[in-house]
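S.K.: have a look at this prediction, sequence included:
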Amino acid sequence: MNRTIFSIILLGGVFLFTSLNYGENIKNYILSITNRIKLTYLETHQDIDNFFNTMVNQKELIEKLKMENEENKRLALLGIGFANELNKLIANYKSIKKFTPNLYLIRVISYAKFGDLFKFWIDFTNFDENKIYGLIQNGFVAGVVVNKNSKPLALLNGDDKCSYAVNIGKNQAPGIIKGVNKNELLADFIPSWVEVKIGDEVVTSGLDKIFFSGIKVGIVTKIEYSQGYKVATIKPYANILNPSYFYIIDLK
């Protein structure tokens, strides 16, 4: 019992001695640790807030840039059309006519038939059942839009019913596009006397009233002869395997 009392008295003395001589230092040390913990918490909290604010701001910026990019694509496509029409007017100034195309950004709804990668139902509120529309993806020709049961049906490059007029190479050889598969198109009815070469670029002619002229389709990879005409195999530029949004050309 005496030993226990002695130990308590000894500890009390040590505590009293320490408090009298080092109390302020201990207090400062404990306060320093506490402040560090608080500061670490505040910095961590601020870092988390900054991180989420940055993520939100970046998301908003990305969405804004996406919208600006889509608008720039629309203006670029319209610019191509107007430039080509202007060149035609300069070449034949008497044939002045009104040229007022419009572009609509549309969304793909679903496949028209399961397993057919070239036909899609689309969301197009300005659809006119009596017209055929041009379809564009990332600045390249992707197909056409036709009427099917009073609804807009997108026929992509590769579908055998997808057809439009083109010009080929520097000689502007005329041809009519037919779908083959996702990797190939055929330009048929090319006059045999017009020079066409492998590597020639294919663009829309605008003579079908579906597209305006000058929109890129693809490049020639092979040339053959058939029934007095040339037939060119074309590798298309548009990637139709990832359909989501397209532009529709409406030539009024």
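M.R.: Structure's in. What do you need?
S.K.: helix/strand/coil for residue 58?
M.R.: Three-state assignment for residue 58 (DSSP: H, G, I helix; E, B strand; the rest coil): helix.
S.K.: ranges for the helices of the protein?
M.R.: Secondary structure of the chain (DSSP state H): helices located at 2-91.
S.K.: where along the stretch 101-250 of the chain do the strands fall?
M.R.: For the stretch 101-250 of the chain, strands defined by DSSP state E, counting those that start in this stretch occupy the ranges 101-111, 119-123, 133-137, 140-148, 151-156, 165-168, 173-181, 184-191, 201-204, 216-226, 229-236, 245-251.
S.K.: out of those strands, which gets nearest to residue 70?
M.R.: The minimum distance between residue 70 and the strands of the stretch 101-250 of the chain falls on strand 101-111, with 6.4 Å, by C-beta to C-beta. Glycine gets a C-beta too; all of them are placed from N, C-alpha and C.
S.K.: could you give the angle of that closest one to strand 151-156?
M.R.: Strand 101-111 runs at 90 degrees relative to strand 151-156, counting by axes from the mean of the first three to the mean of the last three C-alpha atoms, to 10 degrees.
S.K.: that older thread, make JSON lines out of the strands of the stretch 101-250 of the chain and add mean neighbour count.
M.R.: Putting those into JSON lines (neighbours: other C-beta atoms under 10 Å) gives the following:
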{"stretch": "strand 101-111", "mean neighbour count": "14"}
{"stretch": "strand 119-123", "mean neighbour count": "18"}
{"stretch": "strand 133-137", "mean neighbour count": "25"}
{"stretch": "strand 140-148", "mean neighbour count": "22"}
{"stretch": "strand 151-156", "mean neighbour count": "22"}
{"stretch": "strand 165-168", "mean neighbour count": "24"}
{"stretch": "strand 173-181", "mean neighbour count": "20"}
{"stretch": "strand 184-191", "mean neighbour count": "19"}
{"stretch": "strand 201-204", "mean neighbour count": "22"}
{"stretch": "strand 216-226", "mean neighbour count": "17"}
{"stretch": "strand 229-236", "mean neighbour count": "20"}
{"stretch": "strand 245-251", "mean neighbour count": "20"}
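S.K.: just put the ones you listed in JSON lines and tack on mean pLDDT and distance to residue 67.
M.R.: Listed next are the strands of the stretch 101-250 of the chain as JSON lines, based on pLDDT from 0 to 100; distance: least, C-beta to C-beta, whole Å:
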{"stretch": "strand 101-111", "mean pLDDT": "85", "distance to residue 67": "10"}
{"stretch": "strand 119-123", "mean pLDDT": "91", "distance to residue 67": "18"}
{"stretch": "strand 133-137", "mean pLDDT": "93", "distance to residue 67": "17"}
{"stretch": "strand 140-148", "mean pLDDT": "94", "distance to residue 67": "21"}
{"stretch": "strand 151-156", "mean pLDDT": "94", "distance to residue 67": "23"}
{"stretch": "strand 165-168", "mean pLDDT": "97", "distance to residue 67": "31"}
{"stretch": "strand 173-181", "mean pLDDT": "89", "distance to residue 67": "31"}
{"stretch": "strand 184-191", "mean pLDDT": "93", "distance to residue 67": "31"}
{"stretch": "strand 201-204", "mean pLDDT": "96", "distance to residue 67": "26"}
{"stretch": "strand 216-226", "mean pLDDT": "93", "distance to residue 67": "24"}
{"stretch": "strand 229-236", "mean pLDDT": "94", "distance to residue 67": "27"}
{"stretch": "strand 245-251", "mean pLDDT": "89", "distance to residue 67": "12"}
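S.K.: all good on my end, thank you.
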